[in-house]
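Trainee: Sharing a model that was predicted from the sequence below.
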Amino acid sequence: MNSKTIVSLFNFWGICSCALQGAKKEAKKKVEKIFYSLLNSFGGGFLRDTLLLKRIPWIMTISALPYLIWIVLVSIIYLLIVDSKIFKKYFKDFDVFIYLLDIFCLSAFIVIGIDTAMEYTSNPSVIILSGFITGNGGGILVNILSSPHHFLKHNNIHYFLTAWLGCIYYYFGNDIAFLTLFIPVMLFLNNPQFKTVIAHYAILLNPVFYYPQVDFLTQNFISNDTTSCNRKASVCFYKAKKYLTLQRIRQC
């Protein structure tokens with residue numbers, strides 16, 4: 001596969017990730033969540049086309065119709081299954097999946113935004129800003145509408161800075177391969193969800209090390225692990241409360 005095919009695939013899954021993130025937003029009605037999904041998925045491209053490139057937005061063309069139908073279907077499926085009270089307990093780690101999908105697909109939005117802008121202008125500022133707005137414009141609009149008090153969180157600021165660096169690098173370096181590695185690494189290592197991901201797979205690979213075996217009849221610890229209580233509680237996020245209770249019983 002050539003680079004354009006890879007970017008197209010990343011763009012498709014990135015749009016799905018944006019739709020799921022929009023459906024997660026708090027809203028009184030499910031129709032509002034579907035609106036947030038559409039806005040988060042296509043808002044960046046709409047802002048780029050109308051404000052910067054002065055052209056007909058791509059979302060209003062025939063080629064965008066399959067994407068619109070697909071995003072609505074993805075949002076409805078998420079709200080009916082993943083976000084429902086019946087099945088929600090089976091999708092505890094779904095947020096981690098969405099986060100990983102998002103950080104790996106942000107580079108595709110930047111590439112598409114910059115390449116599209118280059119066809120209409122040669123102004124470096126407009127081109128770089130087009131890449132940034134394509135990747136972040138929809139999320140900015142959704143955050144302003146749904147939770148404006150959380151808009152300037154540390155995670156969002158770091159996300160925006162990483163996107164800016166990615167846009168600048170791609171404009172001058174034109175290296176898609178490095179960009180697809182740079183952005184995930186920067187976001188993955190500097191986000192609190194990184195610890196959640198590491199903890200999740202660490203528990204799957206070696207649960208005994210992170211969560212000591214306990215004889216629930218005598219409430220005695222079988223393992224002689226000396227790791228601190230707080231550290232184990234922060235890593236073993238599934239059974240942290242139960243472990244803390246048993247640890248206090250042991251200390252009494």
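Mentor: Done, it's in. This one's a predicted model, so the numbers in the text were calculated from it and none came from an experiment. Residues are numbered from 1 along each chain as shown.

Trainee: how close does N123 get to N156?
Mentor: The gap separating N123 from N156 is 27 Å, by C-beta to C-beta, to the nearest Å. Placement of C-beta: from N, CA and C, glycine included.

Trainee: residue ranges for the strands of the protein, please.
Mentor: Applying DSSP state E to the chain gives strands spanning 214-215, 220-221.

Trainee: Now the first one: average pLDDT?
Mentor: Per-region confidence: strand 214-215 scores 41 on mean pLDDT.

Trainee: try the last one
Mentor: Per-residue pLDDT over strand 220-221 has a mean of 42.

Trainee: Repeat that for stretch 31-40.
Mentor: Mean pLDDT, computed over stretch 31-40, is 89.

Trainee: Now that stretch: buried residues?
Mentor: K33, I34, F35, Y36, S37, L38, L39, N40 (16 or more other C-beta atoms under 10 Å).

Trainee: More neighbours: which of N123 and N156?
Mentor: Neighbours were counted for N123 and for N156 using other C-beta atoms under 10 Å; N156 has more, 15 against 12.

Trainee: residue ranges with poor pLDDT in this protein?
Mentor: Within the chain, the ranges that satisfy pLDDT under 70 run 1, 90, 92, 148-155, 190-252.

Trainee: follow-up on the earlier one: got JSON lines for the buried residues of stretch 31-40, with distance to P66 too?
Mentor: Listed next are the buried residues of stretch 31-40 as JSON lines, based on distance: C-beta to C-beta, whole Å:
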{"residue": "K33", "distance to P66": "21"}
{"residue": "I34", "distance to P66": "17"}
{"residue": "F35", "distance to P66": "19"}
{"residue": "Y36", "distance to P66": "20"}
{"residue": "S37", "distance to P66": "16"}
{"residue": "L38", "distance to P66": "14"}
{"residue": "L39", "distance to P66": "18"}
{"residue": "N40", "distance to P66": "18"}
